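Fold the following, please.
(one chain, ligands or ions: 1)
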Amino acid sequence: MQTYQNTVDGTLTEPASHYEIFNPANGQSLGFAPESDEQEVDRAVQSAVDAQKSWAERSDQERCETVQKIAQILEENSEYLAELITREQGKPLSGPGSRFEMQACVGWTQVPASLKLAPEVVYEDDERKDTLHRVPLGVVAAIVPWNWPLMIAIWQIIPAIRMGNTVVLKPSEYTPIATLEMVRLINQALPAGVLNTVTGDGAIGSKLTHHPDTNKIMFTGSEATGRRIIEASARNLSPITLELGGNDAAIVMPGTDIKAIAMDLFWGAFLNMGQTCACIKRLYVHDDDYEAVMSELSAIASQMKLGDGMDESVLIGPLQNNMQFEKVKELISDARSGGCDIREFGDVPNKGYFLPLTLVGNIKDGQRLVDEEQFGPALPIIRYSELEDAIGCANRLEAGLGASLWADNATDASELATRLEAGTVWINQHGAIHPMVPFGGNKASGYGVEFGIEGLKAVTQSRVISIKK
Ligand code: NDP
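Below is the predicted model of the structure:
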């Protein structure tokens, strides 16, 4: 069985120890992941420090060309990496699964390489000229979760290196293998030390984020860990980009053609088995449309095939890990004992972390499945009679990553959109992120944005050159 390796200073390292990784669909061993010790974190950060100056001194064009080479490597190795993602993370090859994740990796690599962030004259008169330059921060500590392991790693790595930083990446302990393989492959295009990895549990992540030689932290994960990251950043006064998930509300406006939106609502909620930061996690539906929503979503859910995602006909895989499996089961069981209408769909295999696609009706705000981020395939559908109340419900929680409004007339929805407290409000779509469009949370969903020009700025610091004429 293969033991996968970290890349430090352009070289694959021999792990101090390792642990076994299992396929969440069937429990089969996938091989061994390395476990970094504290010395390896020090070596990885040192290698990033050593490489940073000369990487930053290269021309912007040269760095963009290198990033385009990375996009090519990702494209050439897409199928290999997609299969690893499916085996390790669980999302199917087909549909919006691991091949889709690899396409996103390519797109989110190409776009930052094609953007320009030129120095900007911010003020000029007869006496002075002030120009704002964007310079790299130094070493970026990138901490990645297990739900979209490669795509989120790319979101963090690519803008950082494009702008002249170097990176030490820590994948989630649940999904290190595909990420390590991706990093090994893309290192072929990079000078040694520009992109390094360390692996292990939260303690290794903590060592990395506390390291005195890191200058920026990029983190996607839970709110609890996000708060620890903020504490860690105090040591170096490191700026942080924090994406802390959400509990996104979707509101279907009264009288909407439910059949027309049902498929998009379904994938908005069940993408990656609901293990997506910006998924519909609470669906608010007018009393008059409630039965139609239940029946249209039931009809779609009943046609989805659950199973091992290596089977091309499967569109719904397992949950990624036991922690998440138990958490979602507990929330469903709480809803069941609270008298909710639980409707389950799909033939659940007898091995692996599978749960049926679950629609939960007759549920109210204040019940755990509504108020807590389920991050799994169980969608609460909450009735409302007044639109104003639905807006209040959507804004009631601390989370504020995404929200959506669904209506036949997008203009009506746009008027309400500014009242929803979220980093992105989608209309007639949900989770429709794009590499040119800034994405980030409001309230307890974090701060800072990724993607587009704003995302590039987030991995730089400003330097003003001010000339007296
Ligand atoms: P975590 O926030 O614990 O994990 C995210 C990443 O942070 C992992 O790489 C993890 O490492 C690392 N980490 C953990 N502790 C520290 C630390 N002290 N310092 C630095 N890095 C650290 O999420 P969980 O995996 O525990 O999931 C818990 C819940 O979070 C889920 O049920 C879900 O609700 C939410 N979540 C949201 C995500 C999103 O996309 N916004 C993604 C994942 C989870 P390791 O895994 O090795 O412990």
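
Going by C-alpha atoms from here, please, whenever you check contacts or count neighbours.
OK.

Per the annotation, how does the protein divide into domains?
With domains defined by automatic domain parsing, the chain comprises 7-244+445-468, 249-434.

Get me the contact residues on the stretch 301-450 of the chain for the ligand.
Proximity of the stretch 301-450 of the chain to the ligand is assessed by Cα under 6 Å from any ligand atom, with 324, 373, 375 identified as the residues in range.

8 Å instead?
If contact is defined as Cα under 8 Å from any ligand atom, the residues of the stretch 301-450 of the chain in contact with the ligand are 323-324, 327, 373-375.

Now do the same contact list for residue 31.
For residue 31, the contacting residues are 1-4, 20-22, taking Cα atoms under 8 Å, 6 or more residues apart in numbering as the criterion.

The same query, at a cut-off of 10 Å, please.
1-4, 18-23, 177 (Cα atoms under 10 Å, 6 or more residues apart in numbering).

mind checking how far residue 447 is from residue 436?
18 Å (Cα to Cα, to the nearest Å).

follow-up on the earlier one: how about TSV for the domains of the chain, with mean pLDDT added?
As requested, the domains of the chain are arranged in TSV below (pLDDT from 0 to 100):
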stretch	mean pLDDT
domain 7-244+445-468	97
domain 249-434	97
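
sorry, back to before: could you say which of the contacts of residue 31 is surrounded by the most neighbours?
The residue in the contacts of residue 31 with the most neighbours, by other Cα atoms under 10 Å, is residue 177 (30 neighbours).

Residue 44 falls within a strand, correct?
No - remark: residue 44 does not belong to a strand; assigned using DSSP: H, G, I helix; E, B strand; the rest coil, it is helix.

mind listing the strands for the stretch 101-250 of the chain?
Secondary structure of the stretch 101-250 of the chain (DSSP state E, counting those that start in this stretch): strands located at 120-124, 128-136, 139-143, 166-170, 195-197, 216-220, 240-243, 249-252.

Tell me if the shortest one is near the ligand.
What it means is strand 195-197. No - judged by Cα under 8 Å from any ligand atom, strand 195-197 stays clear of the ligand, getting no closer than 11.8 Å.

Tell me the helices and strands packed up against that strand.
Counting by 3 or more Cα pairs under 10 Å, 6 or more residues apart in numbering; DSSP states H and E, the packing neighbours recorded for strand 195-197 are strand 7-8, strand 11-12, helix 38-57, strand 139-143, helix 149-162, strand 166-170, helix 177-186.

now the angle between strand 216-220 and the fourth one, please.
The one in question is strand 139-143. Using axes from the mean of the first three to the mean of the last three Cα atoms, to 10 degrees, one finds that strand 139-143 and strand 216-220 are set 10 degrees apart in direction.

counting contacts, what elements does strand 139-143 pack onto?
With contacts defined as 3+ Cα pairs under 10 Å, 6+ apart, the packing partners of strand 139-143 are helix 38-57, helix 149-162, strand 166-170, strand 195-197, helix 202-210, strand 216-220, strand 240-243.

ok, 8 Å please
Based on contacts counted as 3 or more Cα pairs under 8 Å, 6 or more residues apart in numbering; DSSP states H and E, the elements that strand 139-143 packs against are helix 38-57, helix 149-162, strand 166-170, helix 202-210, strand 216-220.

May I have the strands that pair with it, each with its orientation?
strand 166-170 (parallel), strand 216-220 (parallel) (DSSP bridges).

Which residues does the last one contact?
Here strand 216-220 makes contact (Cα under 8 Å, 6+ apart) with 137-145, 152, 156, 209, 226, 229, 233, 238-245, 459.

Would you confirm that residue 381 belongs to a strand?
Yes - Residue 381 sits within a strand when classified using three-state DSSP.

mind listing what it touches?
Residue 381 makes contacts with 282-285, 359-363, as judged by Cα under 8 Å, 6+ apart.

Now, of the residues you listed, which are buried?
Of the members of these, the ones counted as buried by neighbours, 16 or more other Cα atoms under 10 Å, are 282-285, 359-361, 363.

Contact distance from the ligand - what residues of the stretch 1-150 of the chain qualify?
Within the stretch 1-150 of the chain, the residues that sit near the ligand (Cα under 8 Å from any ligand atom) are 143-148.

Fine, thanks again, bye for now.
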